[in-house]
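[1] coordinates for the following, if possible.
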Amino acid sequence: MALIACGAIAQPAAAIAARREWPLDVHPLPPLLHNQPQLIAGEVRRLFGELAPSYAEVVVGYADCGTYGALDDLCAELGVQRLPGLHCYDLYAGPSRLEKFFEEQPGTYLLTDFLVRSFARSVLRELGLDRWPELRDDYFREYTRVVWLAQAPDDELRALAEEASARIGLPLTVVETGESGLEDALAALVTKPGA
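    Sure thing, here's the model as predicted:
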């Protein structure tokens, strides 16, 4: 079985598959597609076309991720399943927990371990803040806090999360989530009943 995975969850998905001994090959797409979500469905279609001749089954390791249903339409057309939810934050924290965060503070900016590690590249550089730091207020003036959904927190990641929140001038809240939500969603996607 092949998993077309968002690059932001490809490594943990591969680690879970190896630990669970699932016969699953993970094929990541670039995580920076999230900065242009209108391209995600097309890239999934392209990679599906490459993989389908070699695999009995292909599944999609994306939530909706800002495609506004385009990924669901593609999955229906191709007859494949995808991960549940609106985005990977749902997979880590759960939709009801996220809803509570946003009810408490609508201006919540979310980070995952992947985003903490890649913040300089995927946020600062992609938004041009490394070159034009004065744009920070234009991008983040409506935000009130950063919530790091910490899957595997350690001192290095904590320091990077603190640095990221400081770079955008917001207080940091750490919420340890682990990877059980992602693991459960992957299990539902890649295992058959009774397997």
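
[2] secondary structure element holding the nearest residue in space to Pro84 that is not next to it in sequence?
    Of all residues not flanking Pro84 in the chain, Ala185 sits nearest, at 5.8 Å (Cβ to Cβ, 6 or more residues apart in numbering). Every residue, glycine included, has its C-beta placed from N, CA and C. Assigned by DSSP states H and E, Ala185 belongs to helix 180-190.

[3] got it, and Leu3?
    Counting by DSSP H and E, the element that carries Leu3 is strand 2-6.

[4] what is that strand packed up against?
    Identification of packing neighbours for strand 2-6 by 3 or more Cβ pairs under 8 Å, 6 or more residues apart in numbering; DSSP states H and E yields helix 10-20, strand 25-29, helix 40-51, strand 58-61, helix 180-190.

[5] indicate which one of those is closest to Ala164.
    Judged by Cβ to Cβ, the one of those that comes nearest to Ala164 is helix 10-20, at 19.0 Å.

[6] give the buried residues for that closest one.
    Buried positions in helix 10-20, judged by neighbour count with 16 or more other Cβ atoms under 10 Å: Ala10, Pro12, Ala13, Ala14, Ile16, Ala17.

[7] contact partners of it?
    Applying Cβ atoms under 8 Å, 6 or more residues apart in numbering, the set of residues contacting helix 10-20 from outside is 3, 5, 22, 24, 26, 28, 61, 114, 151, 179, 182-183, 186-187, 190.

[8] quick check: angle from the strand holding Leu3 to helix 10-20?
    Here the directions of strand 2-6 and helix 10-20 differ by 140 degrees (axes from the mean of the first three to the mean of the last three Cα atoms, to 10 degrees).

[9] each with direction, which strands does strand 2-6 pair with?
    Applying DSSP bridges, strand 2-6 is found paired with strand 25-29 (parallel), strand 58-61 (parallel).

[10] ranking those by burial, who's on top?
    Looking across these with neighbours counted as mean count of other Cβ atoms under 10 Å, the highest average goes to strand 58-61: a mean of 24.

[11] sorry, back to before: tell me what angle the strand holding Leu3 forms with helix 40-51.
    When the same axes, to 10 degrees is applied, the directions of strand 2-6 and helix 40-51 differ by 150 degrees.

[12] quick revisit: could you dump the buried residues of helix 10-20 into TSV with distance to Leu170 and pLDDT added?
    Output for these, formatted as TSV (distance: Cβ to Cβ, whole Å; pLDDT from 0 to 100):
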residue	distance to Leu170	pLDDT
Ala10	28	94
Pro12	25	95
Ala13	29	95
Ala14	32	96
Ile16	31	96
Ala17	35	96
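
[13] before I go, just wanted to say thanks for your time.
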